[in-house]
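Undergrad: Any chance you could fold what I've pasted below:
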Amino acid sequence: MGLPRGLYPKSLYGQLVLVLLGGMVLLQIITAMYLIAIRGPHFLRDGAYSDALSAAREVKVLDALPVGERADMAARLSDPSMNVRIVAERPVLEPLPREQESGGAAQTMRAALTGIFGTERGFLLRTGGVGHYTQDQIYGAANAEDHHFGMTFPFSLAVRMDDGSWALFTRRVPVETPGIGMLFPMFMDMWWRFVLILLLVLLVVRWVTRPLRVLAQAADEFGTNLAHTPLPEKGPTETRRAIQAFNRMQRRIRQFVEERSRMLAAISHDLKTPVTRLRLRCDLIEPADLQKRFVADLDELRDMLCLSLDFVRSIERGEEEVEVDLNSLLESLRDDYAEIGQSVECAGEALEPLPARPAGLKRCLTNLLDNAVRYGGAASVEIEDQGDNVTIAIRDRGPGIPEKSLPRVFEPFFRVEGSRSPRTGGHGLGLSIARNIALQHGGDIRLRNLPEGGLEALLSLPRRRIEGTAKPEARLCHAGQGIG
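TA: Sure, this is the predicted structure:
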């Protein structure tokens with residue numbers, strides 16, 4: 001049986017704090033029950049013997065005084081925990097609560113009094129059940145020497161004086177709850193220890209789990225920045241091993257991606273030269289219709305090589321991050337599309353510049369706008385600035401994308417059309433490049449079909465500096481400035 005799901009902490013920090021505090025509370029309960037059930041009777045017998053000795057000493061003091069001064073001395077001997085007074089006649093001691101429960105403590109006190117007074121001096125004793133107290137309850141918070149918890153039992157003791165009068169000692173216990181009820185005042189007595197231990201546990205657990213939080217953050221950022229600096233190997237042995245494994249994994253993945261990118265870039269670059277030569281030699285091909293088909297195929301191959309190089313560049317991180325004026329950038333793109341007869345409408349605005357890699361961000365937006373105007377004939381752009389995040393929604397009125405194809409449209413070289421024709425469906429790299437750039441900026445792109453028809457591309461970009469880049473300069477990159 002565990003905690004309700006909503007109350008159980010999900011973080012390792014919260015779980016460790018819960019386990020440690022729960023263990024300490026359980027230990028205190030076991031300790032308290034042990035003290036009450038096992039050690040309690042011993043404490044009570046020791047206290048009973050001490051009470052008997054104290055009463056005997058006070059009787060001797062009173063016996064030594066003249067009869068007329070005994071009442072005043074009895075009043076001075078009284079305190080909040082014990083009332084002492086002199087009575088002339090043999091008193092009738094009233095029964096006390098749970099008298100049958102006083103047990104061994106009462107026997108110890110009676111035996112001690114018998115040993116002290118012998119048979120020549122009579123005494124009467126009645127005891128009650130065990131109770132608990134704090135010094136605050138007995139002496140008051142202002143007069144208590146400390147605030148410790150204790151256990152005792154009430155008693156009434158009458159001792160005959162040498163002149164025939166009686167010294168009456170009466171103890172009352174403020175709270176008389178036996179057994180498990182004694183745990184509550186004991187915990188109240190120890191609350192400050194719990195507070196101190198709680199603060200210590202919070203600090204220690206926070207310190208121990210800090211390397212794990214750093215590791216989790218680094219793992220999250222690694223997906224957007226392959227050049228993330230290696231983590232310092234700190235913390236307990238298991239945590240250091242996990243960090244070492246993460247650093248090795250990061251290094252191997254980075255090497256693999258770099259080697260793959262270099263290979264793809266080299267192949268694409270080396271193929272461009274023979275493709276160019278073949279393009280020139282096409283002029284010698286006859287008849288003209290065959291020449292036209294050769295030229296179209298070579299142009300397609302050249303475009304694929306250029307897009308492959310662009311795809312590699314979208315994975316690599318080679319551009320400095322600066323503050324980009326997003327409003328000016330979108331206005332510039334809108335004007336560019338207007339010059340070629342394409343309609344792009346913009347709404348909303350970014351409240352502040354966005355830390356970004358300008359050329360990459362422009363390429364990302366261009367690819368999304370190209371898709372919108374190609375399939376929808378026009379595009380509408382809406383910016384929403386939430387302070388720590390900027391969302392750019394690009395919508396069109398085209399046919400949309402089949403729901404079954406939505407999860408795959410970001411895969412390289414994937415095309416939605418059944419014809420698989422690059423003349424109608426492109427080469428299948430535009431959205432892959434756009435999403436890689438968005439991921440490099442710590443954001444993402446989501447696509448959804450609109451209920452009224454068309455497609456919405458939602459580009460989400462956090463307003464934060466990407467680790468591993470230089471600090472953004474104190475300048476703005478406007479449209480046409482370093483982003484062409």
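Undergrad: how close does residue 462 get to residue 387?
TA: 10 Å (Cβ to Cβ, to the nearest Å). For glycine as for every other residue, the C-beta is placed from the backbone atoms N, C-alpha and C.
Undergrad: remind me which residues of the stretch 51-200 of the chain are low pLDDT?
TA: 97-104, 119, 129-151, 173-190 (pLDDT under 70).
Undergrad: Got the confidence number for residue 334?
TA: As summarised for this prediction, residue 334 has a pLDDT of 94.
Undergrad: As a check, name the ranges of all helices in the stretch 351-484 of the chain.
TA: Using DSSP state H, counting those that start in this stretch, the helices of the stretch 351-484 of the chain run over residues 358-376, 422-425, 430-440.
Undergrad: Same list (those helices) but as a markdown table, adding distance to residue 303, mean pLDDT and mean neighbour count.
TA: Output for the helices of the stretch 351-484 of the chain, formatted as a markdown table (distance: least, Cβ to Cβ, whole Å; pLDDT from 0 to 100; neighbours: other Cβ atoms under 10 Å):
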| stretch | distance to residue 303 | mean pLDDT | mean neighbour count |
| --- | --- | --- | --- |
| helix 358-376 | 13 | 90 | 21 |
| helix 422-425 | 7 | 49 | 13 |
| helix 430-440 | 12 | 85 | 23 |
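Undergrad: would CSV of these with distance to residue 114 be doable?
TA: Converted to CSV, the helices of the stretch 351-484 of the chain look like this (distance: least, Cβ to Cβ, whole Å):
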stretch, distance to residue 114
helix 358-376, 98
helix 422-425, 109
helix 430-440, 90
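Undergrad: Residue 403 contacts residue 449, correct?
TA: Yes - with contacts counted by Cβ atoms under 8 Å, residue 403 reaches residue 449, the gap being 7.0 Å.
Undergrad: More neighbours: which of these two?
TA: Using other Cβ atoms under 10 Å, the more surrounded residue of residue 403 and residue 449 is residue 449, with 15 against 9.
Undergrad: So residue 83 lies in a strand, does it not?
TA: Yes - per DSSP: H, G, I helix; E, B strand; the rest coil, residue 83 lies within a strand segment.
Undergrad: Leaving out sequence neighbours, find the closest residue to it.
TA: Once flanking residues are discounted, residue 83 sits nearest to residue 170: 4.5 Å by Cβ to Cβ, 6 or more residues apart in numbering.
Undergrad: residues near that neighbour, how many?
TA: Residue 170: 19 neighbours (other Cβ under 10 Å).
Undergrad: That one and residue 374, how far apart?
TA: Counting by Cβ to Cβ, the gap from residue 170 to residue 374 is 101 Å.
Undergrad: just residue 71 next, same as before
TA: 112 Å.
Undergrad: Repeat that for residue 156.
TA: 102 Å.
Undergrad: Check residue 167 too.
TA: 110 Å.
Undergrad: What are the boundaries of the helices in the stretch 151-300 of the chain?
TA: 183-189, 191-222, 237-281, 288-315.
Undergrad: quick one: contacts for the most far-flung residue of the chain relative to its centre?
TA: Computed with Cα atoms, centre = their mean, the residue of the chain farthest from its C-alpha average is residue 163, at 76.4 Å. Residue 163 is in contact with residue 67, counting by Cβ atoms under 8 Å, 6 or more residues apart in numbering.
Undergrad: Nearest residue to residue 15 in space, ignoring adjacent ones along the chain?
TA: Closest to residue 15 by Cβ to Cβ, 6+ apart is residue 9, at 5.4 Å.
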